[in-house]
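>>> model the following, please.
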Amino acid sequence: MSDIVPELFTDEEKDILQEVMNIAFGQASADLAEVIDIFVILSVPEIHVLKGHQLPGYLCEELQSSGTVNIIEQGFLGKFSGQALLIFPTGAEKELLTLFNQDQELTTLDIDIDILEQETLVEVGNILIGACIGKIAELLSDVVTYDPPRLIAKDYCLEDCQQSPVPAESFAISIRTVFRFDQQNVEGYLFLITNQHSIDWLKKALSTFLESFE
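Now for the predicted structure:
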């Protein structure tokens, strides 16, 4: 995307932030593996800074989705504040439900399968987002609180998206990684969206983090 906002971070700051995210996502992978006993493969985080109004088009472009998706959203509040968006292609909820219920016959459960699939998406979001944000806060000496995770879109077509989930004129840091489950064909995409105030704090925190190793 040609009009992604440049120059808010130096190359050194981006390198430090990527290392922090690598550690955080590794923690998220470990936490999820404890729950479902399956190894999760994560891609190297990609970091972009953009304006809020660019986010819908950016998501469409990055996910390259011609189908529909499910979106789990969770807000977090601290010196580092914002929203986390965990996005799965439609159909992933069925695979995730199988992962979470490996020892049970789903057809014998006395519960609506659609509701169970939605609850599974939210639970996966809670684990992955909580672990990532928690580790970032720990590494950068912050403390965060969380809103409850929620499924904000079910079977949603990204190409129809017109309204941004963040203020149009705000700055957003998109930190994208892909989660792959090695025993199922499931991919999830995690984006952390934050604002200008958090960017200012984050730049200082990254400098302090680097100094601790010098």
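>>> contacts and neighbour counts: CA atoms only from here.
OK.
>>> how near is Ala24 to Ile175?
Distance, Ala24 to Ile175, by Cα to Cα, to the nearest Å: 12 Å.
>>> those two: which is more packed in?
Ala24 (23 against 20; other Cα atoms under 10 Å).
>>> report the contact partners of the more buried one.
Counting by Cα atoms under 8 Å, 6 or more residues apart in numbering, Ala24 touches 131-136.
>>> 6 Å - rerun?
Residues near Ala24 by Cα atoms under 6 Å, 6 or more residues apart in numbering: 132, 135-136.
>>> swap in Arg180?
40-41, 186-187.
>>> give me the pLDDT value at Ala137.
Ala137 is assigned a pLDDT of 90 by the prediction.
>>> what number of residues are in the vicinity of Asn185?
Asn185: 10 surrounding residues under other Cα under 10 Å.
>>> ok, now His53?
Around His53 there are 19 residues (other Cα under 10 Å).
>>> for it, which three-state class applies?
The local conformation at His53, judged by DSSP: H, G, I helix; E, B strand; the rest coil, is helix.
>>> next one: it relative to Gly134, how far apart?
From His53 across to Gly134, the span is 28 Å (Cα to Cα).
>>> partner residues bridging the spatially most central residue of the chain?
Geometric centre of the chain, nearest residue: Leu190, 2.5 Å, by Cα atoms, centre = their mean. When assigned by DSSP bridges, Leu190 has beta-bridge partners Leu86, Thr177.
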